[in-house]
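Undergrad: Fold the following.
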Amino acid sequence: MRFLISTLMILAFTGLTVAEDKIDPAKLVGKWEDKDPGKGEMFIIEFTKDNKVQLTRTVGKNELSLDGTYKVEGNKLKMVIEFAGKSDEKVLTIDKLTDDEFPNTDDKKKSKTFRKLKDK
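TA: Next up is the predicted model:
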């Protein structure tokens, strides 16, 4: 239960953000991992071409995956995540988006950086 609660808190506080520049949504497509996860943790976000998103958080041997949709408007990333029959909308601001990194800031000014995983 603590795993589930902490995962939901991460989703609530994870920001995906960029200055007021327009973001190319095609650059988001792929898998991104948290550059600085907690000890024994992994957090991956996968964006698809058809505007689907999957969030996967692993702590030790426990894994939780949540699905949803996303839309990019300017430098804002809007995600609607489905969980337990409910939808939760998150609006995040993209600080910068390169081919390799995705630094962001959430509405509480907490920063997080994701790096793109290379296809194997």
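Undergrad: Which residue lies nearest the spatial centre of the chain?
TA: I45 (4.8 Å; Cα atoms, centre = their mean).
Undergrad: List the contacts of that one.
TA: 16, 31-32, 53-56, 114 (Cβ atoms under 8 Å, 6 or more residues apart in numbering). (C-beta placed from N, C-alpha, C; glycine too.)
Undergrad: how about whichever strand in the chain runs longest: buried residues?
TA: Secondary structure of the chain per DSSP state E: the longest strand is strand 62-73. Neighbour-count burial for strand 62-73, counted by 16 or more other Cβ atoms under 10 Å, picks out 64, 66, 68-70, 72.
Undergrad: ok, which pair from the contacts of I45 is furthest apart?
TA: L16 and T56 (15.2 Å; Cβ to Cβ).
Undergrad: neighbours of D107, just the number please.
TA: 13 (other Cβ atoms under 10 Å).
Undergrad: mind checking how far it is from T93?
TA: 8 Å (Cβ to Cβ, to the nearest Å).
Undergrad: And for G30?
TA: Noted for G30: a distance of 20 Å to T93, by Cβ to Cβ.
Undergrad: And D34, by the same measure?
TA: With Cβ to Cβ as the criterion, D34 and T93 are 17 Å apart.
Undergrad: Right, I'll leave it there.
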